[in-house]
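**Q** Give me a 3D structure for the following:
(chains A and B)
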Amino acid sequence: MNQKKIKIAIASGKGGTGKTLISTHMFDALMRAGETVTLIDCDSEEPNDKLFFDGKLVLEKDVLQKNAVIDADKCKFCGKCHEYCNYHAIFYLPPAKMIHVIDELCHACGACTVACKYGAVTEKDMMLGTVRQYEIQPHAKLVETRMRVGVMTPVPLIKAGLQEIHNEPWILLDSPPGTSCPFMQTTLLADYVILITEPTPFGLSDLKQSVETLKSMQKHYGVIINRAGIGNRDIYEYLRDEDIELLLEIPFDREIAYHYSKGELLTQYQPEFQKRLLTLFNYLRDTYGTGSN
Amino acid sequence: MELAVISGKGGTGKSSITAAFASLEEPMVVVDCDVDAANLFLVFNPQHDEETVYIGGEKALIDKDTCLNCGMCISYCRFDAIAFKNGKVHIIEEACDGCKLCSRVCPANAISMVPNDKSRMYAGRFRYGKMVYGRLAPGEENSGKLVNMVREKAREVAQINHIENIIIDGPPGIGCAVVSTITGTDNVVIVTEPSMSGLHDLKRSIEICRQFQLKVWVIINKYDLNKEFSQQIDEFCKANQIEVVAMLPFDVSVVEAMVQCKSIVEHNPDSEISTLIKNAYYKILQA
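**A** From the prediction side, this is the model:
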């Protein structure tokens, strides 16, 4: 029988609810079970997954963006590029014969290149960050996307990381926080999204926003409650009223927090937890998986 | 004085600490710049005096009846946001960056641009003064611009009402929203926690603050969850001439306060954690 394959995104509106905790544990559990799995850390602003694993660097790619460059000597000051730029990234002052691209605002869309009929616009490579692929075990890869400090948006890094998917049976995507562009870029490809939250008013408010977004994207999703036992019960009522699947609860435990802070995973010392995770994964794959990744 | 509270890593306690700072004096202007996951309004339940629409760029829209399905737009789009689907040209809305190039090159004029107008800025009152915050609609970009708008409004409100201090709750990460949150502030407090992730992200936050030559302070939250690591962070900060202005213990009453829509200083004013936060605030204020 042909086993199904699945891409699971691990996301949350609120930061610090445990995306990385769940992603690294899922990856570790699948790896220990001998499954072929790739974890892509799409939180390019703060990639942390690699901190938990030792592995051999097998691939390193710089992620570049083709920013526009305008040659003021060739420019006829017709203003067309300035008109075409939808990001107001072209500083344009015809009386002073001044024109240049503001790198921080340029999205490398190519519109000004198309606009210019005088060959004054060329492109240069801008370094946005790096995608690194590590072999943790021969069947388990970790892809880290890392935005350079000072770069404004992680989206091109996320896209570059997602290109490292090669039909592996298990793909895990550790998503950036929030529900804006970077989150959407990550979850767009996923067959299933696991939302991590905590039972507090902040957690609930941000969860609602994530759920609304995933609904509009017509995604399948479920919830893991981390630090269960703190806060209040409102989140459980919300899940019941909205008929959202509660996949797992992880109790708040100083012991877990302590081990995790040192980079140790529960799956390394609690076989019971490993078993629970695998049961959940198999259920998700059988229910939401597809023929190829 | 403008004070921004940020952290690289999410969930370290930015909003709880900001809420505590904002309850220490009256009147105060409190600002939520975490426009992607705004939370402070839950604690302060502000009354809105003003609601402003924020236009965060545009998205392309194809008129299927006019479209010739020639695919010209696909060859120009650099965001992989247009593709053939069942023989028809189709825009992947989530991937569209709003550059408008497709609309400009379309020979049939079949593509128009629709503004993203679901995001909002709110200005109003809360129990200790004025509050300004933004809420970014899902899937939208350019949150840095919304943050700029929120901060400008906050400065205006402070000036009109003669309020001296502005406390800003920032977003996680190091991207454009963070840069917009911290530029031009007098003090930045980075909240971290004693873990490998916490330290890793703290270093990136410090780097971004250094690029803008800002006065930085660090608060280690939940320091007692791993005391050795807190020590390590403290030493790292010392080596970089940054003062750790508070080490806060893990305290469940912080969550209890949140559940009751209060800041920890209001909920449990005499607790150790409230005292530490108070001391930190006045130390920064007097520096």
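
**Q** what's the average pLDDT for stretch A:85-102?
**A** Stretch A:85-102 comes out with an average pLDDT of 95.

**Q** and what of stretch A:161-174?
**A** Regarding stretch A:161-174, the rounded mean pLDDT is 96.

**Q** And the helices in the stretch 1-150 of chain B?
**A** Counting by DSSP state H, counting those that start in this stretch, the stretch 1-150 of chain B has helices at residues B:14-22, B:40-44, B:72-76, B:101-105, B:143-160.

**Q** send the alpha carbons of the longest one over as PDB?
**A** Translated: helix B:143-160. Output of helix B:143-160 as PDB, limited to C-alpha atoms (Å, rounded to 0.1, in the frame of the first residue of the first chain):
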ATOM      1  CA  SER B 143       3.200  46.400   9.400                       C
ATOM      2  CA  GLY B 144       6.100  48.800   9.800                       C
ATOM      3  CA  LYS B 145       4.100  51.500   8.200                       C
ATOM      4  CA  LEU B 146       1.100  50.900  10.500                       C
ATOM      5  CA  VAL B 147       3.500  51.000  13.400                       C
ATOM      6  CA  ASN B 148       4.800  54.400  12.200                       C
ATOM      7  CA  MET B 149       1.300  55.700  12.000                       C
ATOM      8  CA  VAL B 150       0.500  54.500  15.500                       C
ATOM      9  CA  ARG B 151       3.600  56.100  16.900                       C
ATOM     10  CA  GLU B 152       3.000  59.400  15.200                       C
ATOM     11  CA  LYS B 153      -0.500  59.400  16.600                       C
ATOM     12  CA  ALA B 154       0.900  58.600  20.100                       C
ATOM     13  CA  ARG B 155       3.300  61.500  20.000                       C
ATOM     14  CA  GLU B 156       0.500  63.900  18.900                       C
ATOM     15  CA  VAL B 157      -1.800  62.700  21.700                       C
ATOM     16  CA  ALA B 158       1.100  63.100  24.200                       C
ATOM     17  CA  GLN B 159       1.800  66.600  23.000                       C
ATOM     18  CA  ILE B 160      -1.800  67.800  22.900                       C
END
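
**Q** hmm, that helix in reach of chain A?
**A** Yes - applying Cβ under 8 Å from any Cβ of the partner chain, one finds helix B:143-160 touching chain A at B:143-144. Yep, even glycine has a C-beta here, placed from its N, CA and C like the rest.

**Q** Need the residues that contact that helix.
**A** A:152, A:180, B:2, B:29, B:31-33, B:35-36, B:52, B:54, B:56, B:119, B:121, B:123, B:130, B:132-134, B:136, B:163-164, B:166, B:168, B:171, B:175-177, B:179-181 (Cβ atoms under 8 Å, 6 or more residues apart in numbering or on different chains).

**Q** Report all helices and strands that the very next helix or strand once past it contacts.
**A** Counting by DSSP states H and E, the next helix or strand C-terminal to helix B:143-160 is strand B:166-172. If you count contacts as 3 or more Cβ pairs under 8 Å, 6 or more residues apart in numbering or on different chains; DSSP states H and E, strand B:166-172 packs onto strand B:2-7, helix B:14-22, strand B:28-32, helix B:143-160, helix B:176-182.

**Q** Pipe the ones you listed into CSV and attach mean pLDDT and mean neighbour count per row.
**A** Shown next, in CSV, are those (pLDDT from 0 to 100; neighbours: other Cβ atoms under 10 Å in any protein chain shown):
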stretch, mean pLDDT, mean neighbour count
strand B:2-7, 97, 26
helix B:14-22, 97, 28
strand B:28-32, 98, 27
helix B:143-160, 96, 20
helix B:176-182, 94, 25
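
**Q** I'd like to know which of these lies nearest to residue A:221.
**A** Distance to residue A:221, taken as Cβ to Cβ, is lowest for helix B:143-160 among the helices and strands packed on strand B:166-172, at 22.9 Å.

**Q** what angle sits between that closest one and strand B:28-32?
**A** Interaxial angle of helix B:143-160 relative to strand B:28-32 (axes from the mean of the first three to the mean of the last three Cα atoms, to 10 degrees): 170 degrees.

**Q** Could you tell me which residues of the stretch 101-250 of chain A lie near chain B?
**A** Within the stretch 101-250 of chain A, the residues that sit near chain B (Cβ under 8 Å from any Cβ) are A:107-111, A:114, A:147, A:149-155, A:159, A:176-181, A:183-185, A:188, A:200-202, A:205-206, A:209, A:212-213, A:216-217, A:230-232.

**Q** before we move on, back to that, using PyMOL, define a selection of the buried residues within the contacts of helix B:143-160.
**A** What follows is the PyMOL syntax selecting those of the contacts of helix B:143-160 that are buried according to 16 or more other Cβ atoms under 10 Å in any protein chain shown:
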select buried, (chain A and resi 152+180) or (chain B and resi 2+29+31+32+33+35+36+54+56+119+121+123+130+132+133+134+136+163+166+168+171+175+176+177+179+180+181)
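
**Q** if we can go back for a sec, can you say which of the residues of the stretch 101-250 of chain A next to chain B are buried?
**A** Buried subset of these (neighbour count, 16+ other Cβ under 10 Å): A:107-111, A:114, A:147, A:149, A:151-155, A:159, A:176-181, A:183-185, A:188, A:200-202, A:205-206, A:209, A:213, A:217, A:230-232.
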